[in-house]
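*Asks:* can't give you the sequence, but here's the structure:
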């Protein structure tokens, strides 16, 4: 679907950084899509001008209505959002083109996803005539934090952060808008990509690759139309920032379900798998895994090597973490003799000086601080997995604070990648969320914590193989 | 370590259902182990008599102290808990034996786990002389809900439930005591098995197999001493209730770490793996997975077959769930034509009548109720995976309530296994926890929800292969 006559970046600015937006199909009725979008535009603090288009209403949510988009005379409209019945979309798109709209988001469904490919092709034809870009149809809209732009009918509050999330599933995207707030995981953007009639994954990857407010890209994908362009855009983008993809339709039946869901041809999974590897994309199995990886990548420097050290107050979780490391191909270093000698002052005799270093159940925040400080200052340690099992006597939050501040003594902030896990009940949850707020990668289980470190090592390998590590190292 | 002269069940009653307990090494100082155990015994509501043993104190926590266990004259002591320095344990054990104590929990560490195997063997010798059983040494104690017995130095509150948890890792067990409360997952018992000098996994499996308050058994294991006895005890027990094992030390380095942690010989992992399979034990990779499986098994009947149906309001999560099903070998049934006809009244035309059944993002509680009711009443549907993606307009808790009550119309309660997932933010969390409280297996992600159904199918296969399904079916 790519088309050489577009210079896509400036045109997508009309989507993400519009100076004015028309909502065609604006409604006075709460709960209706045309109302919710208008409401979210107001609540998100968008600073541009918003024009509700509705032939019957005088004002909606305090904004003056226009009967038709043509009535917004003398004002330019960068972006139009169309929330109208399918049969009205085509003529509305024509109107948008005539008044000089630069991009449209077509919320309306009932096009290629239900077999009406011709009707959809006609929309693209109109858009090309007028040099407009289309997001959708069949989308819930877009969120873009830097513009304070919540142009969706989803939740009104979304936490701002570093990841741009492109989703081919509307429901999953909407659910994740709520999830980000709950899990304190911020996003720079959410794009419900819909039927990808015009703007597709590749366009968005190119856009977010050069977007200063985006540090990583996450894609939920069921299928691609132009695999080659996706591959090329990704291969270029991963040099600057990591791309994580969840590609569903892995299984035979899953592929069939994907086809009936978005009309995607899921294709041979191994073809996708090879393409992702070739492009330097990390493929996650689940949303949880994707966000665990992003957490680790967003909050840490790239490791300088692959020497990983585990530190724990519980032998059991140390062993479980060790198993997980080996399963994922992470290399646990042997503890050098001089480090052993230093650690001896901190680790009790019934603990362990081997990796995993077992500080024992009596370890408190001071023990963690001393031991971690030794590891942080060593050049031969490249990544630290810090585990804490909740005990009856030590407050996990004190340990979290010790872990979060131990790096301050090192020469640079975040001198070394660190992932932490707090295993236990309520106090452990408080502790790991406290670390998240301090912008550390922290988790409620050992396996997720190890998986976070794996993502960092995988990203390092990716950059190494692209010959780009020196540009990215800290 | 098994010994034919014991009839282990009556003796372990002295551990789990003691009429009186002596705490040797009771302390007045909060934070000390000998104080915390006494405090937990009081707070948990244990109805038997507790004798603090401390030569210096008059009273501790309102209980009269005795200088030595021999001073508790004329009263029988079923269970003695020893929290003393290692060098005092042997003589104390002799004293316990002389006054007729039937079982001891030796909290003290510093025995075989630090290479002092001879000292530990001596303890076992003394116990055998006096026909006492030993839990430990190197344990944090035991919790047993039916006796309101929290004989640990862990958290004072533990949620009562159906699973007996045996742990070889102290720290992990303590962390899980807190976790159970937070996650609303109750346990019938927690046993910190320590060095297994006498009582081992096999003894406990036999005990819990006949314990009416225990419906399932969970074991965290680093290594076994008597593999054959474990195998035989398990093979017998799984006929009555499921056993789930997390065996760490899978990897080479993990096995080494396990050895330095509990002195276990982790052994060849594939030997363990084959033994677990042969005995009908389900092996989980992580604690999260183990509890997800238990949740599903504890709250559902055994499926009558393997025809699984997925119902969803989001195409994307439907596809992800389908992929996961295929990965785990779960069979998604084709939707029979007559069911399709019935569903047509409930599912919009832009949804899907294929499995996964896509009710679309507009589905509310009533839509779920109608569709699920159709599935619940069909004999050819054997298990239902109900997924809900949070939308902007429908309260997930209403859907949770609809799912939880739809079965009431069916001829028996819980006529069919059902696992549910609510994906999204805070409201989704409220919804799935609400279902947990109503004793349904509910999860925050699709993959964990599918994994729960997998456990039910695995349990069915286990019982089928043991020829026991007719006894267990509902």
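*Replies:* Thanks, I have it. Predicted, not measured: the structure shown is a model, and the values here were computed from it.
*Asks:* rest of the way, CA atoms for contacts and neighbours
*Replies:* Will do.
*Asks:* so is the strand or helix carrying residue A:244 next to chain B?
*Replies:* Take DSSP states H and E as the rule and residue A:244 turns out to sit in strand A:243-247. No: on the criterion C-alpha under 8 Å from any C-alpha of the partner chain, strand A:243-247 is out of touch with chain B, staying 8.8 Å away.
*Asks:* next, find the distance separating residue A:221 from chain B.
*Replies:* 9 Å (C-alpha to the nearest C-alpha, to the nearest Å).
*Asks:* re earlier: beyond the strand holding residue A:244, next helix or strand please.
*Replies:* helix A:252-262.
*Asks:* show me what that following helix is packed up against.
*Replies:* Here helix A:252-262 touches helix B:315-328, going by 3 or more C-alpha pairs under 8 Å, 6 or more residues apart in numbering or on different chains; DSSP states H and E.
*Asks:* what about the strand holding residue A:244, distance to the chain center?
*Replies:* 9 Å (C-alpha atoms, centre = their mean, to the nearest Å).
*Asks:* residue A:435: which element?
*Replies:* Assigned by DSSP H and E, residue A:435 falls in helix A:426-437.
*Asks:* got a list of contacts for that helix?
*Replies:* Contact partners of helix A:426-437, identified using C-alpha atoms under 8 Å, 6 or more residues apart in numbering or on different chains, comprise A:184, A:390, A:395-398, A:400-401, A:404, A:420-423, A:441-444, B:178-179, B:182.
*Asks:* if you look at the residues you listed, which of them are in strands?
*Replies:* Counting by DSSP state E, those place A:420-423, A:441-443 in strands.
*Asks:* out of those residues, which are close to chain B?
*Replies:* residue A:423.
*Asks:* identify the farthest-apart pair in the ones in strands among the contacts of helix A:426-437.
*Replies:* The span of those, defined through C-alpha to C-alpha, is set by A:423 and A:441 at 14.4 Å.
*Asks:* ok, residue A:270 to residue A:277 distance?
*Replies:* 10 Å (C-alpha to C-alpha, to the nearest Å).
*Asks:* more crowded one of these two?
*Replies:* residue A:277 (13 against 10; other C-alpha atoms under 10 Å in any protein chain shown).
*Asks:* helix, strand or coil for that one?
*Replies:* At residue A:277 the chain is in helix, as set by DSSP: H, G, I helix; E, B strand; the rest coil.
*Asks:* distance-wise, check it relative to residue A:283.
*Replies:* Relative to residue A:283, and taking C-alpha to C-alpha, residue A:277 is found at 8 Å.
*Asks:* make sure residue A:188 is indeed in a strand.
*Replies:* Yes: assigned with three-state DSSP, residue A:188 falls within a strand.
*Asks:* and it, how many neighbours does it have?
*Replies:* 26.
*Asks:* how about residue A:289?
*Replies:* The burial count for residue A:289: 18, using other C-alpha under 10 Å.
*Asks:* would you verify that it is located in a helix?
*Replies:* Yes: when classified by three-state DSSP, residue A:289 is found to be part of a helix.
*Asks:* residue contacts, it?
*Replies:* Contacts for residue A:289 (C-alpha under 8 Å, 6+ apart) come out as A:448, A:451.
*Asks:* do you know how far it is from chain B?
*Replies:* For residue A:289, the distance to chain B - C-alpha to the nearest C-alpha - is 11 Å.
*Asks:* not counting its neighbours along the chain, what's nearest the residue of the stretch 151-300 of chain A found nearest chain B?
*Replies:* Residue nearest to chain B within the stretch 151-300 of chain A (C-alpha to the nearest C-alpha): residue A:179, separated by 3.7 Å. Closest residue to residue A:179 apart from its sequence neighbours, by C-alpha to C-alpha, 6 or more residues apart in numbering or on different chains: residue B:425 at 3.7 Å.
*Asks:* got a list of what that neighbour touches?
*Replies:* A:175-183, B:390.
*Asks:* next: residue A:392.
*Replies:* Counting by C-alpha under 8 Å, 6+ apart, residue A:392 has contacts B:153-155, B:174.
*Asks:* let's see it at 6 Å
*Replies:* B:154-155 (C-alpha atoms under 6 Å, 6 or more residues apart in numbering or on different chains).
*Asks:* now the phi/psi pair for residue A:20, please.
*Replies:* phi -150, psi 150 (degrees, to the nearest 10).
*Asks:* residue A:163: what's it in contact with?
*Replies:* A:187-188, A:214-217.
*Asks:* just the buried members of these?
*Replies:* A:187-188, A:214-217 (16 or more other C-alpha atoms under 10 Å in any protein chain shown).
*Asks:* re the thing from before, quick check, nearest of the contacts of residue A:163 to residue B:195?
*Replies:* residue A:216 (47.4 Å).
*Asks:* which residues touch the closest one?
*Replies:* By C-alpha under 6 Å, 6+ apart, the neighbours of residue A:216 are A:163, A:241-242.
*Asks:* that one and residue A:162: what is the separation?
*Replies:* In terms of C-alpha to C-alpha, residue A:216 sits 6 Å off from residue A:162.
*Asks:* try residue A:435
*Replies:* Taken as C-alpha to C-alpha, the span from residue A:435 to residue A:162 is 17 Å.
*Asks:* and for residue A:341?
*Replies:* 41 Å.
*Asks:* between those two, tell me which one has more neighbours.
*Replies:* With neighbours defined as other C-alpha under 10 Å, residue A:341 and residue A:162 compare such that residue A:162 has more, 21 against 12.
*Asks:* the helix or strand where that one lies pairs with which strands, parallel or anti?
*Replies:* For residue A:162, the enclosing helix or strand under DSSP H and E is strand A:160-167. Using DSSP bridges, strand A:160-167 pairs in its sheet with strand A:187-192 (parallel), strand A:216-221 (parallel).
*Asks:* the last one: how far from the chain's middle?
*Replies:* Centroid separation between strand A:216-221 and its chain, computed with C-alpha atoms, centre = their mean, is 6 Å.
*Asks:* got it, and stretch A:27-43?
*Replies:* Per C-alpha atoms, centre = their mean, the centroid offset for stretch A:27-43 relative to its chain is 26 Å.
*Asks:* what sits up against it?
*Replies:* Applying C-alpha under 6 Å, 6+ apart, the contact partners of stretch A:27-43 are A:25-26, A:60, A:83, A:150-153, A:156.
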